[in-house]
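> 3D, please:
(chains A and B)
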Amino acid sequence: MLRLPDPSRRHRRREQALMFLLAAPALAVILALVVLPVGWLMGQSFTDGGLTLAHYRRIFGEDIYWRSFAQTFRIAGIVTVLALVLGYPVAYAASQLRRPWNVLILALVVLPFWTSVLVRAYAWLVLLQRTGVVNQALDRLGLVDEPLALIHNELGTIIATVHILLPFMIIPLTATMQNIPTDLLRAGASLGGSPLHLFLRIFLPLSVPGILAGSTLVFVLTLGFYITPELLGGGKVTMVSMLVSRNVELYNQWGAASAVGVVLLVGVLAIFAIVARAIPLDRILGQQ
Amino acid sequence: MMRLARIALGVSVALVLAYLMLPLLIIAPISFSGARFLSFPPPSFSLRWYQEFFGNPAWMQATRVSLSVGLSTVVLATPLGVAAAYAIANARNRLMRAVHVALMLPLLVPIIILAIGVFFVYAKLGLVATLPGLVLANVMLGLPYVVISVVAGLQTFDRTQEMVARSLGMNRLRSFMAVTLPQIKASVVAGAIFAFISAMDETIIALFVSGGQYQTLTKRMFTALRDEIDPTIAAISSLLTAASFVLVLLAMRGRQRAAASSD
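The predicted model follows:
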């Protein structure tokens, strides 16, 4: 007996219900552990016995909060620019070279990506401390008179953060560059364009979607960083995440923690929403 | 001029790659150091930090916790993620697009917000410092990896094959198991591996919701790094790094084989 799927409307509705049921268990986990608690945090941020804006007023009024937000956005900006400057040539080489070179470059980019963040924080502590490898090398080369302060400050945080996020820049950039048709560049060259001219007028503009996707990811991920500044910042760096954690762990101040968290979340989701108008969301995230 | 530009490009690429690899290369030699204090190169070599790790019941217990959390996460997140990915790939309507975005939320929401949110829910349910609590949180974090990987796998799969199997009398589940699953196997395995690595690597939620007997390896490492650094961490780090390299290679080989067989 040959039974072909029935294309009727009732069938279609049944099909849709079935698909929803299949997704339901996964959705339930997300609802219970993401949507519900975030909703509750939002509620908490507006209450303190009764309805209040006091938590938010504090964020914008009190120095610690204000400074932490400013420092977080400044670090995110610096990290994004550095990741772009360091990542662009690597992505360019990975997109233009042939096998095995392109595979080798991407393998070297992906290996650290899948190494624990804690492991890398430890490695940077060893490398950058006063008696660390980097300072010893600089000293031996006679470049410095006394060891540089490379960790327990903003510099150490930035060095380690760029290291963690560089792959998030290089991978989408490479994917975009690989799709730039070489015909265009050849056509430009045959019309007498210099290599620099061709790069600036053709290649660079066509790589903008990759720049945008990579920069968004790096910027947004830096905004939520916690482990790296905690271990390498030496108390001189207070990122927003650390503010949230301290309010909960040390002071049991759920209202204040929630308000800070909500501001951070709204900022992050707003950036994603704006960029998603230019590039589909799953393409930004799918590169991971 | 062209040659100069090429040399400059080559040198900058080499420097950036060196920056990326340097921290990974430094860990293994330190883990074999004979000295207590961090110095590089190590003054002498020994296995004492590995003995310290394998001989310490607290580190061993944390390792067992992390491994069982990682494995349980894979066992739960993989079927849930595959079912959801199948639904997303099949029903292309508004509701499912919303479901798709919802399943990406753990990657979009800053982890600290997820951490205090989960902590709050668990405090109400009595799941703080329990194994099920840790597993559930990591299932939530691992779902997006499985969904991304399997949705991508299903996009390259020709769905009429499953239709044919059903028209020949197989029910839906059997046709999926017999026809579809074998062909998207590589993407499922890759998703599962990423979910496992993500669970083994997770630190921030564990800082809030793991404790007592059920402390994860990452939580113990984090606390150790904050207080006093000793080369035991280097030994653990080397083991973890070696393990994740092997897993990533497996995942990549699976993907490549899938790409080759879909040609």
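> mind showing which ranges of the stretch 51-200 of chain B have poor pLDDT?
By pLDDT under 70, the stretch 51-200 of chain B contains no weakly predicted segment.
> Would you map the helices across the stretch 1-150 of chain B?
Secondary structure of the stretch 1-150 of chain B, counting by DSSP state H, counting those that start in this stretch: helices at B:2-31, B:48-55, B:57-90, B:94-108, B:111-125, B:131-155.
> winner for burial among these?
Highest mean neighbour count among the helices of the stretch 1-150 of chain B (mean count of other CB atoms under 10 Å in any protein chain shown): helix B:131-155, with a mean of 24. For every residue, glycine as well, the C-beta is placed using N, CA and C.
> Next, the angle helix B:94-108 makes with it.
Orientation check (axes from the mean of the first three to the mean of the last three CA atoms, to 10 degrees): helix B:131-155 against helix B:94-108 gives 120 degrees.
> if you average pLDDT over stretch A:25-37, what comes out?
Stretch A:25-37 carries an average pLDDT of 95.
> Output that stretch as CSV, nothing but the C-alphas.
What follows is stretch A:25-37, C-alpha atoms only, in CSV (Å, rounded to 0.1, in the frame of the first residue of the first chain):
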residue,chain,number,x,y,z
PRO,A,25,11.6,20.0,25.6
ALA,A,26,14.5,22.1,24.5
LEU,A,27,12.4,25.2,24.6
ALA,A,28,11.2,24.3,28.1
VAL,A,29,14.9,24.2,29.3
ILE,A,30,15.5,27.7,27.8
LEU,A,31,12.3,29.1,29.3
ALA,A,32,13.0,27.7,32.7
LEU,A,33,16.7,28.7,32.9
VAL,A,34,16.9,31.8,30.7
VAL,A,35,13.6,33.5,30.0
LEU,A,36,12.1,33.0,33.4
PRO,A,37,15.1,34.2,35.5
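> Name the residues that touch it?
The contact list for stretch A:25-37, computed with CB atoms under 8 Å, 6 or more residues apart in numbering or on different chains, reads B:80-81, B:83-84, B:99, B:102-103, B:105-106, B:109, B:114, B:116-118, B:120-121, B:136-137, B:139-140, B:143, B:147.
> That stretch: which residues count as buried?
The neighbour-count check on stretch A:25-37 (16 or more other CB atoms under 10 Å in any protein chain shown) flags A:25-27, A:29-30, A:33-34, A:37 as buried.
> Any chance of JSON lines for the helices of the stretch 1-150 of chain B, columns distance to A:S68?
Converted to JSON lines, the helices of the stretch 1-150 of chain B look like this (distance: least, CB to CB, whole Å):
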{"stretch": "helix B:2-31", "distance to A:S68": "27"}
{"stretch": "helix B:48-55", "distance to A:S68": "36"}
{"stretch": "helix B:57-90", "distance to A:S68": "31"}
{"stretch": "helix B:94-108", "distance to A:S68": "22"}
{"stretch": "helix B:111-125", "distance to A:S68": "13"}
{"stretch": "helix B:131-155", "distance to A:S68": "25"}
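> Neighbours of whichever residue of the stretch 151-288 of chain A sits closest to chain B, how many?
With CB to the nearest CB as the measure, A:G224 is the residue of the stretch 151-288 of chain A nearest to chain B, at 3.1 Å. When counting by other CB atoms under 10 Å in any protein chain shown, one arrives at 24 neighbours for A:G224.
> One more: B:L240?
23.
> Leaving out sequence neighbours, find the closest residue to residue 59.
Looking at chain A here, since you left the chain open. Excluding the flanking residues, the one nearest A:I59 by CB to CB, 6 or more residues apart in numbering or on different chains is A:Y65, at 4.5 Å.
> that answer is for a different chain, and I need it for chain B
Nearest non-adjacent residue to B:W59, counting by CB to CB, 6+ apart: B:F53, 5.2 Å away.
> these two touch, right, the one you found and B:T232?
Yes. Contact criterion CB atoms under 8 Å: B:F53 and B:T232 qualify, at 5.4 Å.
> Mutual contacts of the two, please.
Shared contacts of B:F53 and B:T232, defined by CB under 8 Å, 6+ apart, comprise B:W59.
> Chain B contacts on the stretch 101-250 of chain A?
The stretch 101-250 of chain A comes close to chain B at residues A:105, A:108-112, A:114-127, A:129, A:131-133, A:136, A:163, A:166, A:195, A:223-224, A:226-227, A:230-231, A:241, A:244-245, A:248-249, as judged by CB under 8 Å from any CB of the partner chain.
> any idea how far B:F222 is from the residue of the stretch 151-288 of chain A closest to chain B?
17 Å (CB to CB, to the nearest Å).
> Repeat that for A:L82.
Relative to B:F222, and taking CB to CB, A:L82 is found at 25 Å.
> So between these two, which is more surrounded?
Legend: neighbour count by other CB under 10 Å for A:L82 and B:F222, higher for B:F222 (21 against 18).
> elements contacting the helix or strand where that one lies?
Taking DSSP states H and E as the criterion, B:F222 maps to helix B:217-227. If you count contacts as 3 or more CB pairs under 8 Å, 6 or more residues apart in numbering or on different chains; DSSP states H and E, helix B:217-227 packs onto helix A:117-128, helix A:227-232, helix B:57-90, helix B:181-201, helix B:204-209, helix B:232-261.
> Redo the buried residues of stretch A:25-37 as CSV? Include secondary structure.
As requested, the buried residues of stretch A:25-37 are exported to CSV (DSSP: H, G, I helix; E, B strand; the rest coil):
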residue, secondary structure
A:P25, helix
A:A26, helix
A:L27, helix
A:V29, helix
A:I30, helix
A:L33, helix
A:V34, helix
A:P37, helix
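> Nearest to chain B among those?
Checking the buried residues of stretch A:25-37 against chain B with CB to the nearest CB, the nearest one is A:P37 at 2.7 Å.
> Could I get the contacting residues of the nearest residue to the closest one once chain neighbours are set aside?
Leaving out its chain neighbours, the residue that sits closest to A:P37 by CB to CB, 6+ apart is B:G117, at 2.7 Å. Listed by CB under 8 Å, 6+ apart, the contact partners of B:G117 are A:33-34, A:36-38, A:40-41.
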